[in-house]
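Asks: quick check, what structure comes out for this input:
(one chain, ligands or ions: 1)
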Amino acid sequence: MNHAAGGHAAIYPGSFDPMTRGHLDVIERAAKVFDRVLVAVVVNPQKRDPLFTLDEREAMIREAVAHVANIEVTHFRGLLADFVRSVEAGVIVKGLRVVSDFEGEMSTALMNRSLSGVDTVFLPSDPRWSFVSSTLVKEVYNLGADVAKYVPPAVLRVMQSKRPAPRSA
Ligand code: PNS
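Replies: Sure, this is the predicted structure:
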């Protein structure tokens, strides 16, 4: 049932600092469309110093996706296009939450295709998660909110280990 990926892996790349329920939802849905989904954690996110180490980000994802057989978790450094070629991926998967995501994702997708020949497939975020981002989750958690609704339990546990438990909502 894997015509789109031609038998190759679909790559779902990201910073995952940390993974949210929105990420998890896109990964689970991608795993129904493609034979194999490779979740690829970027070693050094471009935007800022990550709050979570690479090992923590990978371990949290591994635990959150353990119930789905055709998902693997790995990491890459440098250009996504080079990584995609090195693993002979068939397609890159990205989630789109809101229209404003589209602008950046469109040029990124075209650049990645120009560099690697590999296309990007967009999955619409479930509306339940359209406002959820790793950045907002970290911000509201640090200001004392309960983020259990927005992150998988494995992520919540690691967040709590980094900071005392938040006040109840
Ligand atoms: O979760 P994010 O932060 O939106 O993920 C962004 C990510 C990791 C997919 C993107 O920054 C990326 O691909 N970085 C690798 C460097 C690269 O290839 N840059 C050129 C993109 S056209």
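Asks: does stretch 37-52 reach the ligand?
Replies: Yes - using CB under 6 Å from any ligand atom, stretch 37-52 reaches the ligand at Val42, Pro45, Gln46. (Each C-beta comes from the backbone N, C-alpha and C, glycine too.)
Asks: what's that stretch in contact with?
Replies: 9-18, 27, 30-31, 54, 57-58, 60-61, 65, 70-77, 80, 83, 87, 89, 93, 138, 158, 162 (CB atoms under 8 Å, 6 or more residues apart in numbering).
Asks: so which of the residues you listed also contact the ligand?
Replies: Checking the contacts of stretch 37-52 against the ligand by CB under 6 Å from any ligand atom, the ones in range are Pro13, Gly14, Ser15, Leu80.
Asks: let me see the mean pLDDT of the helix ranked longest in the chain.
Replies: With secondary structure taken from DSSP state H, the chain has its longest helix at helix 99-116. Throughout helix 99-116, pLDDT has a mean value of 96.
Asks: now it: how far from the chain's centre is it?
Replies: Relative to the chain's own centre, helix 99-116 is displaced by 16 Å; criterion: CA atoms, centre = their mean, to the nearest Å.
Asks: now do stretch 20-30
Replies: Centre-to-centre, stretch 20-30 and its host chain are 7 Å apart (CA atoms, centre = their mean).
Asks: just the buried residues of that stretch, please?
Replies: For stretch 20-30, a neighbour-count test (16 or more other CB atoms under 10 Å) marks Thr20, Arg21, Gly22, His23, Leu24, Asp25, Val26, Ile27, Arg29, Ala30 as buried.
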